[in-house]
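Chemist: need a structure here:
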Amino acid sequence: MTSYKWRTLDQLFKHASQFWKQNTEGADITAESVLASLENLIGQEEDVFAEIMNTYGAKLDSEECRREHEATLNSYKTKRDEFLKICYIALRREMTEGLYIGFGYPTPQAKKLIPIPARHWGFLEPDFDRDTAFGEGMFWYGLKFLDMQELDDNQRSKIEEMLRNSPANSLPEKDIKSVNLSGVVDIRNRGASDKATQNKPEKESPQERRNRLTSWLEEEISSYGVKGAVERVAGREGVSRQRMSSILNESPKASELLIKID
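Modeler: Sure thing, here's the model as predicted:
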């Protein structure tokens, strides 16, 4: 299947979000561009606040400034998270409709990718960091996806035949009927949220923050491996991967780790 264009969960999300559009005053605004704008607002707010405190902190009411900063930042993050939920629901719906077909390994040791019936995405919960999914007693590892619209007729026929013969079809129909797309939540950073507030001081300088995030990066690599390490650190901090990479690149130690990851 080397001629197929495979995508990880995160790559699929970025690919799909290019096509979710809303017409605003004659212009098609994509979900991808909305998310990028929200992430930029979050990054700009953090940069401006750090610059103000470094330059004028001694002359200002730092507590009042911090409260205003956190209120603004939380407002942007809330808007981002709410929009992400909408996007994840859209992705799950398109997956259940068969627009994107997922393949996975039933165990970490398995050697053969198995096609996952589209309707199963109504109850499977994907983990965007680890490219896994689980639900109703099923577990999938090493997920890869195909966009059916990118396939030619011959490729599409082969995939459809594989789906008809997939061992995953053995799941009882009564379980499949439990689909509930309205229950979709922001799960891209699943596994990181329980650490999000650990070892995160209320006040720190930009250098202290870089040191802390570098430490988190080392911790994530040591605990879970290189793949997805930056995304996991970004999830713990509540920023985008792009923003996290920008911060870590300013740390020589983190830069060495990032080179190894890339």
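
Chemist: where exactly do the strands run in the stretch 51-200 of the chain?
Modeler: Here the stretch 51-200 of the chain has its strands, by DSSP state E, counting those that start in this stretch, at 100-105, 114-116, 125-127, 132-135, 138-147.

Chemist: any low-confidence regions in the stretch 51-200 of the chain?
Modeler: Along the stretch 51-200 of the chain, segments meeting pLDDT under 70 span 57-59, 170-200.

Chemist: please redo it, this time with the cut-off set to 80
Modeler: 53, 55-62, 128-129, 136-137, 169-200 (pLDDT under 80).

Chemist: for the strands of the stretch 51-200 of the chain, which one sits closest to residue 257?
Modeler: Evaluated over the strands of the stretch 51-200 of the chain, closeness to residue 257 peaks at strand 125-127, with 22.5 Å, by CB to CB. In this view, the C-beta of every residue, glycine as well, is placed from N, C-alpha and C.

Chemist: And residue 72, how far from residue 158?
Modeler: 52 Å (CB to CB, to the nearest Å).

Chemist: for residue 125, same thing?
Modeler: Distance from residue 125 to residue 158, by CB to CB: 28 Å.

Chemist: These two: who's more crowded?
Modeler: residue 125 (16 against 13; other CB atoms under 10 Å).

Chemist: OK, contacts around the closest residue in space to that one that isn't next to it in sequence?
Modeler: Distance criterion CB to CB, 6 or more residues apart in numbering; nearest residue to residue 125, sequence neighbours excluded, is residue 135 at 5.3 Å. Residue 135 makes contacts with 120, 123-125, as judged by CB atoms under 8 Å, 6 or more residues apart in numbering.

Chemist: What degree of burial does residue 18 show, as a neighbour count?
Modeler: Residue 18 has 11 nearby residues by other CB under 10 Å.

Chemist: The chain should start at 96 in everything you say after this.
Modeler: From this message on, residue numbering opens at 96, which makes the last subject residue 113.

Chemist: Give me the phi and psi angles of it.
Modeler: Main-chain torsions, residue 113, degrees, to the nearest 10: phi -70, psi -20.

Chemist: how close does it get to residue 241?
Modeler: Residue 113 is 16 Å from residue 241, by CB to CB.

Chemist: same thing with residue 144?
Modeler: Relative to residue 241, and taking CB to CB, residue 144 is found at 43 Å.

Chemist: who's more crowded, these two?
Modeler: Ranked by neighbour count (other CB under 10 Å), residue 144 and residue 241 place residue 241 first, with 21 against 17.

Chemist: Excluding chain neighbours, what is closest to that one?
Modeler: Excluding the flanking residues, the one nearest residue 241 by CB to CB, 6+ apart is residue 196, at 5.0 Å.

Chemist: Contacts only, for residue 301.
Modeler: Per CB under 8 Å, 6+ apart, neighbours of residue 301: 145, 149.

Chemist: State the pLDDT value of it.
Modeler: On pLDDT, residue 301 comes in at 84.

Chemist: same deal with residue 113?
Modeler: pLDDT, read off for residue 113, is 79.

Chemist: quick one: contacts for it?
Modeler: 125-127.

Chemist: which of these has the most neighbours?
Modeler: residue 126 (22 neighbours).

Chemist: can you confirm residue 98 is in a helix?
Modeler: No - applying DSSP: H, G, I helix; E, B strand; the rest coil, one finds residue 98 to be coil, outside a helix.

Chemist: Could I get the contacting residues of it?
Modeler: Here residue 98 is in contact with residue 250 (CB under 8 Å, 6+ apart).

Chemist: Next one: it relative to residue 246, how far apart?
Modeler: Counting by CB to CB, the gap from residue 98 to residue 246 is 10 Å.

Chemist: Can you give me the domain assignment for this protein?
Modeler: 104-186, 195-263, 288-356 (automatic domain parsing).

Chemist: List the buried residues of stretch 323-343.
Modeler: By 16 or more other CB atoms under 10 Å, the buried positions in stretch 323-343 come out as 323-336, 338-340, 342-343.

Chemist: Keep only those of those residues that are in helices.
Modeler: Counted as lying in helices by DSSP state H, out of the buried residues of stretch 323-343, are 324-332, 336, 338-340, 342-343.
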